[in-house]
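Colleague: Would you be able to build a 3D model of this:
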Amino acid sequence: MSGRELIRWSSLHESRSHRGILGSSLVIALLAGGALAGWIAWRSGASPVSASRSWLAGTLVAFALAFMRVPFHLYWRADAALLAQLPIEGGPLFDAALWRCIRAAAATTLAVAIGAAPLAQFSTEMLVRHLAVAATLGLTAALFMPAVATWAASLVAISQTDRIAALRVATGIDSATAARTSTTPPAPSTAALGALPGFASTIVIVAVLLISAWLIGGTPSVPPAIVLGSLGGVSVLAILATRASAPRVMGQILRDVSALDRQRLANIEVHPPTAIERAIARLIGDAALPYSKDARLMRRRYPMAFALGALVFLVLAIIGLARPDDPTPWLTAVLVGAAIYGLAVAGRLFRPPIELARMSLTLPLSSAAVRRAKLAWVLGWWTIFVAAPGLFASLRQPDPLIGLALLGGGTFIVIGSALVRR
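Modeller: Below is the predicted model of the structure:
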């Protein structure tokens, strides 16, 4: 099967799976863009600088979420195990995954471009500059981030292959090669699935922040042409290099990453709970056991939750320490983005591979204890990464009510979502 045929069949399957018109990515992009445009139009009443900063904050949050979604378009998919078992070469598998990334990046770019429309009232040049940044971020989401995520997954796939070979030697299955192969498994590397894309995302966001003054006609720290050109050029080169090697590794990536989801490998890298997690477990009584299980699996399966949480913590701490003249755009974008991601994380606690409902029913655990364990995890994650620095950042501002209201609303939505799930 060619890449074009696989893309056509994948698109057909997704179109049949959508639940109504609201499931369309185009409709979601239009609605999100309209909401962003309304916010920018409201902020335009203050000043062009306020409108530009509001757009930049909303855009960075939108693309940060788009960057985090790239692994789910590539290999963290429900059909990854099935695709890995079909007689499809790695090239078409990668092409279909890349097409999903490009389509998602295009939807995000469309949304932020619509959001920039109110800036045209100040000047056409100002609007064009914002659209140039949006297009560059869209290019990185479509090309650079898939290349980084694929490279990270290839490192994990190679590591898992080495472990299996070492295990076969250790058990005597391949004793003839024992003299040439080490019986010690290599160091764990599944953290790369979240760490490398998270690091690449941070580089892109920092690069855009360096030229934020240029958006409103100021003098940036680095020439915009160099920053935007470098991001675009690196994105194209990275995806060309990745596409050249993808046919050799994509099938193995799908097999090994999906196997990690189902814990079929000998070494699944489940580490003990941290000191904070143990402290929380002591406070929740009979929910401690399922909480410990959730904490271990979430840290292994979704390392991005901790990488993104650390980024949110850092940004809110910087806002609190710097006390910008207009903190509302940054507080709004960061807290709303954290709330949206918190909803996604809360949902993952109740789905495989974190929660296997049928298996939980066979254990001497009450359903109330299982739900309380998941609520404790969500509450701990939100408190450490969002609520504590958010409270600090809000109280440090001249008018703390806006930040406190946003923080309270986000807390209500995220914790409420964990409470109502079954």
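Colleague: what ranges do the helices span in the stretch 51-200 of the chain?
Modeller: 80-85, 90-115, 124-139, 145-170, 192-210 (DSSP state H, counting those that start in this stretch).
Colleague: okay, the third one in PDB with CA atoms only?
Modeller: Pointing back at helix 124-139 there. Output of helix 124-139 as PDB, limited to C-alpha atoms (Å, rounded to 0.1, in the frame of the first residue of the first chain):
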ATOM      1  CA  THR A 124      -1.800  46.200   7.600                       C
ATOM      2  CA  GLU A 125       2.000  45.800   8.400                       C
ATOM      3  CA  MET A 126       1.200  44.900  12.000                       C
ATOM      4  CA  LEU A 127      -1.200  42.200  10.800                       C
ATOM      5  CA  VAL A 128       1.300  40.800   8.300                       C
ATOM      6  CA  ARG A 129       4.000  40.500  10.900                       C
ATOM      7  CA  HIS A 130       1.600  38.500  13.200                       C
ATOM      8  CA  LEU A 131       0.600  36.300  10.300                       C
ATOM      9  CA  ALA A 132       4.300  35.600   9.500                       C
ATOM     10  CA  VAL A 133       4.800  34.400  13.100                       C
ATOM     11  CA  ALA A 134       1.700  32.300  12.900                       C
ATOM     12  CA  ALA A 135       2.800  30.700   9.600                       C
ATOM     13  CA  THR A 136       6.300  29.900  11.000                       C
ATOM     14  CA  LEU A 137       4.800  28.300  14.100                       C
ATOM     15  CA  GLY A 138       2.500  26.300  11.800                       C
ATOM     16  CA  LEU A 139       5.500  25.100   9.800                       C
END
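Colleague: which other helices and strands contact it?
Modeller: helix 48-74, helix 90-115, helix 192-210, helix 224-262 (3 or more C-beta pairs under 8 Å, 6 or more residues apart in numbering; DSSP states H and E). C-beta: built from backbone N, CA, C; applies to glycine.
Colleague: For the last one, list every residue counted as buried.
Modeller: Same thing as helix 224-262. By neighbour count on 16 or more other C-beta atoms under 10 Å, the buried set for helix 224-262 is 224, 227-228, 231-232, 234-235, 238-239, 242-243, 246, 249-261.
Colleague: neighbours of the nearest residue to residue 34 once chain neighbours are set aside, just the number please.
Modeller: Distances taken as C-beta to C-beta, 6 or more residues apart in numbering put residue 114 closest to residue 34, at 6.5 Å, once the chain neighbours are dropped. Using other C-beta atoms under 10 Å, residue 114 has 20 neighbouring residues.
Colleague: any idea how far residue 114 is from residue 38?
Modeller: 10 Å (C-beta to C-beta, to the nearest Å).
Colleague: same deal with residue 285?
Modeller: Where residue 38 is concerned, residue 285 sits at a distance of 46 Å (C-beta to C-beta).
Colleague: repeat for residue 199
Modeller: Distance of residue 199 to residue 38, given as C-beta to C-beta: 34 Å.
Colleague: Same question for residue 94.
Modeller: Counting by C-beta to C-beta, the gap from residue 94 to residue 38 is 38 Å.
Colleague: pLDDT of stretch 207-222, averaged?
Modeller: For stretch 207-222, mean pLDDT is 89.
Colleague: And the nearest residue to residue 91 once chain neighbours are set aside, what's its pLDDT?
Modeller: Distances taken as C-beta to C-beta, 6+ apart put residue 247 closest to residue 91, at 4.1 Å, once the chain neighbours are dropped. Looking at residue 247, its pLDDT is 83.
Colleague: my guess is residue 247 meets residue 89, correct?
Modeller: Yes: Residue 247 is within contact range of residue 89, at 6.0 Å (criterion: C-beta atoms under 8 Å).
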